[in-house]
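Colleague: Turn this into a model:
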Amino acid sequence: MTHPTAASSHVPGVGHVVPIRTLLGVLATLLVLTIATVAITLFDLGSFNIVLALTIAFVKGALVLLYFMHLRWDRPFHAIVIVSAVLFVTLFIGVALLDTLQYHPDVIPGYAPALKR
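Modeller: Below you'll find the predicted structure:
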C-alpha cells in the first residue's frame with residue numbers, strides 16, 4: 001500500500017484551507033470597517049451618509065462572502081447565483097421605492113395616525 005503524496009492527495013468533502021494570516025487580516029479589515037461605519041454617523045454629510053454606510057456594508061458583505069464563506073475558491077456558478085440574487089433584491093427594492101415621491105405631498109409634517117387596538 002502506497003501513501004499518497006501531498007500533491008496528489010485530495011479528500012472529497014474537505015473545504016478549502018485558508019491560512020490563519022489571511023483570516024485574521026480579513027477580520028481586522030472588517031473591524032476597521034465597522035469602526036468606520038460608526039464613525040461616519042458622527043458627521044453630518046447629508047444624503048451622502050447613507051451612500052457611504054451602504055458602500056461600507058457592501059464591502060464588508062463581499063469580504064465575508066469571499067473569505068469566510070470560501071466563495072473566492074468555489075465554483076464560478078455559485079458566484080453567479082449570489083450576484084444574481086443581490087441584483088434581483090436590488091431590483092425589487094428599487095421598483096418598490098419608485099413611487100415614494102408620489103405620496104410625499106400627502107404626508108403631514110408632525111402627524112402620525114393613532115394606532116387602533
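Colleague: name the element F43 belongs to?
Modeller: Per DSSP states H and E, F43 falls between elements, in no helix or strand.
Colleague: and T34, how many neighbours?
Modeller: 13 (other Cβ atoms under 10 Å). Every residue, glycine included, has its C-beta placed from N, CA and C.
Colleague: Could I get the full set of helices for the chain?
Modeller: For the chain, applying DSSP state H gives helices covering 20-40, 48-63, 76-97.
Colleague: got a pLDDT number for the most centrally placed residue in the chain?
Modeller: The centre of the chain sits closest to G61, judged by Cα atoms, centre = their mean, with a distance of 2.5 Å. Per-residue confidence (pLDDT) for G61: 92.
Colleague: Next one: it from S84, what distance?
Modeller: To S84, G61 is 15 Å away according to Cβ to Cβ, to the nearest Å.
Colleague: where in this protein is pLDDT low?
Modeller: Applying pLDDT under 70 to the chain flags the ranges 1-15, 104-107, 112-115, 117.
Colleague: buried ones in stretch 76-92?
Modeller: I82 (16 or more other Cβ atoms under 10 Å).
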